[in-house]
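[1] Requesting a structural model of the entry that follows:
(2 chains)
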Amino acid sequence: MAEVKNTMNPVTFEVTHVCTQSGARTGILHTPHGDVETPMFMPVGTQATVKFLSPEELYDMHAGVVLANTYHLWLRPGEDIVAKAGGVQKFMNYKGPMLTDSGGFQVFSLADTRKIREEGVTFKNPINGDILFLSPEKSIEIQNKIGADIIMSFDECIPYPSERKYVEDSMMRTLRWAERGKAAHTRSEEQALFGIVQGGDHEDLRHYCAEKLVEMDFPGYAIGGTSVGEDKETMKRMVQMSAEKLPYDKPRYLMGVGAVNDLLEAISLNIDMCDCVLPTRIARHGTLMTSEGRINIRKSIYREDFTPLDPDCDCYCCRNYTRAYLNHLFRCNEGFGTRLMSIHNVRFLIHLMERARTAIKENRYNDFKAEVLHSMKFDERGF
RNA sequence: GCGGCUGUGGUGAAGUUGGUCAACACACUGGAUUGUGGCUCCAGCAUUCGAGGGUUCGAGUCCCUUCAGCCGCC
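    From the prediction side, this is the model:
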C-alpha cells in the first residue's frame, strides 16, 4: 500500500468546469495542506511573511496558496532553521498551502551583481557582500528543506527585449537546469516541482521549451519571463504560445502577474494560478484597488470622505474604516494604515477571483470580465 | 516718544566686494509600482524677495520713506 502512495503526486489538479461563453475554466488544486479552487491569486510573502498581514488573517480571507522565496530564506534565517521549525508552514504558522519561488527571479532582479554560467549563478549578497552561488541542485535542496507544497524549477528570467540568440541560449540552459533540478528533487512524495516555460516572445522557442518540459512530466507548469516591461499584446502572445503546448489537465501558473486587467485576461487564456507583489507593494505606497478603479488614498479629496474604501468589498478594512481615516493614517505614515490597505488590496484580488470563478461556473465569464474592466475604467482591451 | 534687531513660497529657511534660471528641506499637487529588502521613485510647485520710491547697464542684496513684529529705554 505504501508503494502506491509513494508513486502519487503530492499535488494534483482537476478541471471542474469550462465556461461555455469564454472557454475559461475552474478547477481544484489538491495539496497536502488542503484543496484550493482555481483560478486563484496567490499573495507573496517573500521572507515568510506577507508584509503587514498575519498568516491567520490570510487564511481567514481565503488566501489559498501563499508564496515565499528561496533566495531570501536561504540568506535569512537559513533553510536549516526553517527545516528545524518543521517547514515554512509551521515556522510562520500558515495553515494553507505554500509555494516557494526558486530564486530564479532574483537572478534577474539583482542583475547588477550576478554572473550566470552553466553550473549556476554567482551572486553578491546584498546584506554583507559575500559571494554566493546558487545552482539548480542547490535551489531544489533549499526548497526541499523549506518544505512548501509546491516548489519551482530554477530558471533564468531574461529582460525584454533581448537578442534572440541570448533568449535561445538562456532558454536551453533553463531546460537543462529543469532536468538537473528534477533529478535533485528528493521529496517528490511531499512536494510538487513545477517546470517553467521561457523563450521570450519567440513562438518556436516557447513551443520548444513547453514541449521539452512536458516530456519531463511535471505536475504543473509555470509561464515565466512576462511582466518584465513588454507591452500587453506581447505579454498575451507569450502566454498563449506557452500555454498551447501544455497539457490541458495540468495546472498553469503565470508568474508575477497581479494587475486586475492582466489577471482577467490570464483567466481567459486558461491560466489557473497567478502571484504578484503588486497588491501589497502599491498598498504601501497608498494606491488601492477598488471596484471603481485604482485610487491614491493620499489625495486631499479623501480628507473628509467618510465612506468605506470600497463599499463592495467585504474586507476588514472596508467593513470598519473610512477613506478619511486611511488618508489620515497614510499622511502620518502610520503602520496601521499600511496594514489596513494591504489587507484590502490582497482581499480585493482574492475576492475578484472568487467572483471570476462564479462567473465561469455560470457560463458568463466574458460578460463578467467586460463589466469589471468597464467599472474599473480600464481600456476596453485590457492586458 | 527714542534706540536696536528682524521682515524671502503653505512652513523652516539659504542667499553681501549688487550680475543668467531665488539653494535646500518639509508640506502640497500629479504620476509610477507586476515570480518584493515597507516607510520608494519620477514630475510639478515664489515672473518674485513686507509696501512704495531712488541709485545703477543690472538690486533680495546699496540709499530714502513707510508699514509690521520683537527687544530695550523714557
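[2] can we go C-alpha only for contacts and neighbour counts from here?
    Noted.
[3] How about the residues of the stretch 151-300 of chain A by RNA strand B?
    Neighbours of RNA strand B within the stretch 151-300 of chain A, by Cα under 7 Å from any atom of the strand: A:152-158, A:196, A:224-228, A:255-259, A:262, A:275-282, A:284-287, A:296, A:298-300.
[4] which of those residues are buried?
    A:152-158, A:196, A:224-228, A:255-259, A:262, A:275-280, A:282, A:284, A:286-287, A:296, A:298 (16 or more other Cα atoms under 10 Å).
[5] just checking, which of those residues belong to strands?
    Using DSSP state E, the subset of those located in strands is A:M152, A:I196, A:D275, A:C276, A:T287, A:N296.
[6] just checking, the second one touches A:S153?
    Translated: A:I196. Yes: shown here, A:I196 and A:S153 form a contact pair, counting by Cα atoms under 8 Å, at 6.4 Å.
[7] Determine the residues that are contacts of both of those two.
    Residues touching both A:I196 and A:S153 (Cα atoms under 8 Å, 6 or more residues apart in numbering): A:A178.
[8] Tell me which stretches of the stretch 151-300 of chain A form helices.
    All helices of the stretch 151-300 of chain A, identified by DSSP state H, counting those that start in this stretch, fall at A:164-184, A:203-216, A:232-243, A:260-268, A:278-284.
[9] The longest one versus helix A:203-216: what angle between them?
    Going back to what we said before, that points to helix A:164-184. Counting by axes from the mean of the first three to the mean of the last three Cα atoms, to 10 degrees, helix A:164-184 points 10 degrees away from the direction of helix A:203-216.
[10] which helices and strands does helix A:164-184 pack with?
    If you count contacts as 3 or more Cα pairs under 8 Å, 6 or more residues apart in numbering; DSSP states H and E, helix A:164-184 packs onto helix A:136-146, strand A:192-197, helix A:203-216.
[11] Mean confidence (pLDDT) on the longest helix along chain A, please.
    Counting residues, the longest helix in chain A under DSSP state H turns out to be helix A:335-361. When pLDDT is averaged over helix A:335-361, the result is 97.
[12] got it, and stretch A:366-383?
    Per-residue scores along stretch A:366-383 average to 83.
[13] got a list of contacts for that stretch?
    Stretch A:366-383 is contacted by residues A:21-22, A:232-233, A:235-236, A:261-262, A:264-265, A:290-294, A:356, A:359 when judged by Cα under 8 Å, 6+ apart.
[14] Please give me every residue in contact with the spatially most central residue of chain A.
    With distances taken as Cα atoms, centre = their mean, the residue of chain A nearest its centroid is A:D275 (1.8 Å). A:D275 makes contact with A:F41, A:M42, A:P43, A:V44, A:L67, A:L254, A:M255, A:G256, A:V257, A:G258, according to Cα under 8 Å, 6+ apart.
[15] Please see if stretch A:88-106 touches RNA strand B.
    Yes: residues of stretch A:88-106 contacting RNA strand B under Cα under 7 Å from any atom of the strand: A:D101, A:S102, A:G103, A:G104, A:F105, A:Q106.
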